[in-house]
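Student: here are the coordinates; sequence isn't available:
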């Protein structure tokens, strides 16, 4: 018995070791949870594949017309041309004023005004007019823009000023003018029927006269532009009016075109060739003293003075500057900061100090 008992005990232990484990105690077959750690801070031994470095893209070069801020397809190198514009009611409608980059209007005698249409690039000119004789202030403005003047002669005293100060093309001897027979047939007076033929002819006439029609390198006209030139803090000005000693001029804002339509002699003005309404993105009113030189009115355009600027249906006071004869006209706010005008054409009225300027 002493030998059997140990043997039995050994068998019990063997069977106990082979017994099935109780339910719920089987080892898990799921993947063991592994604690995560942050990514290593050392660089990988093999550099990752990356795209080759490329040079930064350069912004496209934008060329602009220096008188309007509008984009052009090549650097500006032309020389401006100015045309004297007949602006009494029996001479209307105008031709080509809408295509001018700057259009000045000033008194010439009595209540009559005369215009000066300036084209930054004469190659873009069409037929312009009707063309009348030059005045002293036309010489002043052409000097400011180094412009060649197209005109229909003038009095002896004015012609002396023209020939002593600026290069010019006179209808008496330049091959870039014509009389419009259609107008003559309609009953227009002879003096209301003279026009330039084309920009190409103007350039040929200038070349024949020996004029250099390229602008001086680095020339600046001192104008600053923004897509929206509506003056900050300006007063509502959907109609701007002023008088030239009795002749009323109105600029009426069109919210669809964002331009001021030109109205004189109690009628809206339209181009005689295209039928388009004459209109301007920017309206400047220069106020200055006007005196008489013989039978002609002459505005004092030397120095600086007060005025108004309208764009986008609003108006603000401003200051104009023209300190030296060959300086361009520039414009500032009343505090001296640069005036930023809208991209587009401009009307510049040279209005006597005694005249009223009103808006609503």
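Tutor: The structure has been received and is ready for your questions. Worth saying up front: this structure is predicted, and the values here are computed from it rather than measured.

Student: Tell me which residues of stretch 241-251 come out buried.
Tutor: Judged by neighbour count using 16 or more other CB atoms under 10 Å, the buried positions of stretch 241-251 are 241-244, 247, 249-251. No exception for glycine: its C-beta is placed from N, CA and C like everyone else's.

Student: Could you list the low-confidence segments of this protein?
Tutor: Using pLDDT under 70 as the threshold, the predicted model of the chain has low-confidence ranges 1-58, 217.

Student: From one end of stretch 89-96 to the other, what's the distance?
Tutor: Taking CA to CA, to the nearest Å as the measure, stretch 89-96 stretches 16 Å from start to finish.

Student: Check what contacts it and list those residues.
Tutor: Outside stretch 89-96, the residues that touch it by CB atoms under 8 Å, 6 or more residues apart in numbering are 83, 85, 87, 115, 117, 125-130, 132, 188-189, 191-192, 195-196, 264-265, 267, 269-273, 278.

Student: mind redoing it with 7 Å?
Tutor: The contact list for stretch 89-96 (CB atoms under 7 Å, 6 or more residues apart in numbering) reads 85, 117, 125-130, 189, 192, 195, 265, 269-273, 278.

Student: Name only those of those residues that count as buried.
Tutor: Among the contacts of stretch 89-96, those scoring as buried are 85, 117, 125-130, 192, 195, 269-273, 278 (criterion: 16+ other CB under 10 Å).

Student: Inside strands: which ones of those?
Tutor: 85, 117, 195 (DSSP state E).

Student: Same list (those residues) but as CSV, adding distance to residue 174.
Tutor: As requested, those are arranged in CSV below (distance: CB to CB, whole Å):
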residue, distance to residue 174
85, 17
117, 17
195, 13
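
Student: Closest one to residue 109 out of the residues you listed, please.
Tutor: Top of the list for closeness to residue 109, among these and by CB to CB, is residue 85 at 15.1 Å.

Student: quick one: contacts for that closest one?
Tutor: By CB under 7 Å, 6+ apart, the contact list for residue 85 reads 94, 97, 114-117, 129.

Student: let's see it at 8 Å
Tutor: Residue 85 makes contact with 94, 97, 103, 114-117, 128-132, according to CB under 8 Å, 6+ apart.

Student: beta partners of it?
Tutor: Here residue 85 sits in beta bridges with residue 115, residue 131, going by DSSP bridges.

Student: so what's the backbone phi/psi at residue 160?
Tutor: According to degrees, to the nearest 10, the main-chain angles of residue 160 amount to phi -60, psi -40.

Student: Now do it against residue 144, distance only.
Tutor: Separation of residue 160 from residue 144 (CB to CB, to the nearest Å) stands at 20 Å.

Student: what about those two, which has more around it?
Tutor: Taking other CB atoms under 10 Å, residue 160 and residue 144 do not tie; residue 144 has more neighbours (19 against 11).

Student: for that one, helix, strand, or coil?
Tutor: helix (DSSP: H, G, I helix; E, B strand; the rest coil).

Student: Next, the contact list for it, please.
Tutor: Residue 144 makes contact with 322, 325-329, according to CB under 8 Å, 6+ apart.

Student: And for residue 231?
Tutor: Residues counted as contacts of residue 231 (CB under 8 Å, 6+ apart) are 309-312, 314-316.

Student: ok so, going back, narrow the contacts of residue 144 to just the buried residues.
Tutor: In the contacts of residue 144, burial by neighbour count holds for 322, 328-329, counting by 16+ other CB under 10 Å.

Student: Kindly reformat these as CSV containing secondary structure.
Tutor: Shown next, in CSV, are the buried ones among the contacts of residue 144 (three-state DSSP):
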residue, secondary structure
322, strand
328, coil
329, coil
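
Student: Save those as a markdown table, and put in distance to residue 205 too.
Tutor: Compiled in a markdown table, the buried ones among the contacts of residue 144 are given as follows (distance: CB to CB, whole Å):
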| residue | distance to residue 205 |
| --- | --- |
| 322 | 28 |
| 328 | 25 |
| 329 | 27 |
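
Student: Of the residues you listed, just say which sits nearest to residue 237.
Tutor: Distance ranking of these against residue 237, using CB to CB, places residue 329 first at 21.1 Å.

Student: In the sheet, which residues pair with the closest residue to the closest one other than its chain neighbours? Tell me.
Tutor: Residue nearest to residue 329 in three dimensions, not counting chain neighbours: residue 322, with 5.0 Å by CB to CB, 6 or more residues apart in numbering. Beta bridges link residue 322 to residue 303, judged by DSSP bridges.

Student: related to what we said a few turns ago, which ones among the buried residues of stretch 241-251 map onto strands?
Tutor: For those, membership in strands holds for 241-244, 247, 249-251, with DSSP E as the criterion.

Student: tally of neighbours for the residue lying closest to residue 136 once chain neighbours are set aside?
Tutor: Nearest residue to residue 136 in three dimensions, chain neighbours excluded: residue 298, at 5.0 Å (CB to CB, 6+ apart). For residue 298, the number of neighbouring residues by other CB under 10 Å comes to 18.

Student: Quick one: the contacts of residue 144 as JSON lines, columns for distance to residue 153 too.
Tutor: JSON lines is the format used below for these (distance: CB to CB, whole Å):
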{"residue": "322", "distance to residue 153": "26"}
{"residue": "325", "distance to residue 153": "23"}
{"residue": "326", "distance to residue 153": "24"}
{"residue": "327", "distance to residue 153": "28"}
{"residue": "328", "distance to residue 153": "27"}
{"residue": "329", "distance to residue 153": "26"}
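
Student: just the residues you listed now: which is nearest residue 61?
Tutor: Proximity to residue 61 was ranked across these by CB to CB; first place goes to residue 328, at 23.8 Å.

Student: Sweet, I'm off.
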